[in-house]
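Student: just the structure for this:
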Amino acid sequence: MRDLSSELLAWYDRNARDMPWRVPPADRKAGVLPDPYAVWMSEVMLQQTTVAAVRDYHRKFLGLWPTVRDLAAAEDADVMAAWAGLGYYARARNLLKCARAIVAKHDGVFPDTYEALLTLPGIGPYTAAAISAIAFDRPETVVDGNVERVMARLYDIHAPLPGSKGELTALARNLTPTQRPGDYAQAVMDLGATICTPRSPACGICPWRDPCAARIAGSAPQLPKKTPKKATPIRRGIVYVARRADGAWLLETRPESGLLGGMLGWPGSDWSDAPEPAPPLDADWEGLGEEARHTFTHFHLRLQIMTARVPHDAMPQRGRFIPAADFSPAALPTAMRKVFDLVIVTLRDD
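Tutor: Below is the predicted model:
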């Protein structure tokens, strides 16, 4: 019987991707384990985000907050600003909650088991398995989208996701070795990311080419199958961008709960089918004539933009004026920065 996990590990020893949070396989075999804090940070950032997008953010966060104690002591606004642009902002809030729980309940030391990790805020089954395997070499089964695709093709599974997730996880579990499980978990993900890609898989250089049932059947490019998604709904909103005579911008910190919670943004209406106007102060508001468009996981957002120039003594009912010298568009989440990019041409200084 073929030892598929050993074959994949041999491939990984030669082809492992270089990651800021990863210990190379040669060093791991010599007994060097990665920093659990760096692994945890990477796993949270990589949720719904590509490795290419995460690399610089990971370096930035570890530069600003080198340890979990540093992060736990950070100001919420500073962390949210540093996260801006990475998306899915609930992850940043959970990052802080988790860091503070590790300090408060575990004296700043990461738990090293799947069960203990699951008790921490923002850590679900996948993240707990990934951290315990990668950071602590526990034989946990790590299943992300890459692994689901590899398993569906290796075993030629045609049942569509998400319904087939349990079957694919069971198949992945059967292959997870007790030796080098951390390297193995990363190897399967690397295989999916670099060889067994969604389109045009490079079957000719795959270490699992020969036993791959979907390659033999010719069905690999069509797998995994997925249940058709419903049409993505559209929500609408109104944002109000005011600039004071001295150049200050009117912004607000969004409520902690909900999308973009705790982030800096432009005051505005609710996001719905028919949003109600909600100007944050009395002013001669003018429509910009363009709308900002952004897509979240479950809906498309269309933002009508209202602009105004206001005097020094303007008193907002919502938000606060931030001096131009203290304002950085980079601190805005992507949806709000798109608004700024459209507005700045209209409201910039002459």
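
Student: domains of this structure?
Tutor: Listed domain ranges for the chain are 4-222, 234-347 (source: automatic domain parsing).

Student: which of those comes out lowest on mean pLDDT?
Tutor: Per-stretch mean pLDDT for those is lowest at domain 234-347 (a mean of 92).

Student: next up, the contacts around the closest residue to T178 other than its chain neighbours.
Tutor: Closest residue to T178 in three dimensions, ignoring its sequence neighbours and counting by Cβ to Cβ, 6 or more residues apart in numbering: P139, at 4.9 Å. The way it works is simple: take the backbone N, C-alpha and C, and place the C-beta from them, glycine included. The neighbourhood of P139, defined by Cβ atoms under 8 Å, 6 or more residues apart in numbering, consists of 133, 176-178, 181.

Student: A292 now?
Tutor: By Cβ under 8 Å, 6+ apart, the residues touching A292 are 239, 301-303, 305, 335, 338-339, 342.

Student: go through these and flag which are in helices.
Tutor: Per DSSP state H, helices hold the following members of the contacts of A292: 335, 338-339, 342.

Student: which one (most neighbours) among those residues?
Tutor: For the ones in helices among the contacts of A292, the largest neighbour count, defined by other Cβ atoms under 10 Å, is 25 neighbours, found at V339.

Student: helix/strand/coil for the spatially closest residue to that one that is not a sequence neighbour?
Tutor: Nearest residue to V339, sequence neighbours excluded (Cβ to Cβ, 6+ apart): A292, at 4.5 Å. Classification of A292 using DSSP: H, G, I helix; E, B strand; the rest coil returns strand.

Student: quick check: A292 vs I305, distance?
Tutor: For A292, the distance to I305 equals 6 Å [Cβ to Cβ, to the nearest Å].

Student: any residues in contact with both of the two?
Tutor: Common neighbours of A292 and I305 (Cβ under 8 Å, 6+ apart) are 239, 339, 342.

Student: was I right about the second one contacting V241?
Tutor: Okay, so that is V339. Yes - using Cβ atoms under 8 Å, V339 makes contact with V241 at a distance of 6.5 Å.

Student: which neighbours do these two have in common?
Tutor: The contact sets of V339 and V241 overlap at 266, 305 (Cβ under 8 Å, 6+ apart).

Student: remind me what the longest helix seen in the chain packs against, helices and strands.
Tutor: Criterion DSSP H: the longest helix present in the chain is helix 90-106. Using 3 or more Cβ pairs under 8 Å, 6 or more residues apart in numbering; DSSP states H and E, the elements in contact with helix 90-106 are helix 36-46, helix 68-72, helix 76-83.

Student: go again using 10 Å as the cut-off
Tutor: Contact here means 3 or more Cβ pairs under 10 Å, 6 or more residues apart in numbering; DSSP states H and E; on that basis helix 90-106 packs against helix 36-46, helix 68-72, helix 76-83, helix 114-118.

Student: deepest-packed of those, please.
Tutor: Compared across the helices and strands packed on helix 90-106, helix 36-46 shows the largest average neighbour count, a mean of 23 (mean count of other Cβ atoms under 10 Å).

Student: perfect, that will be all.
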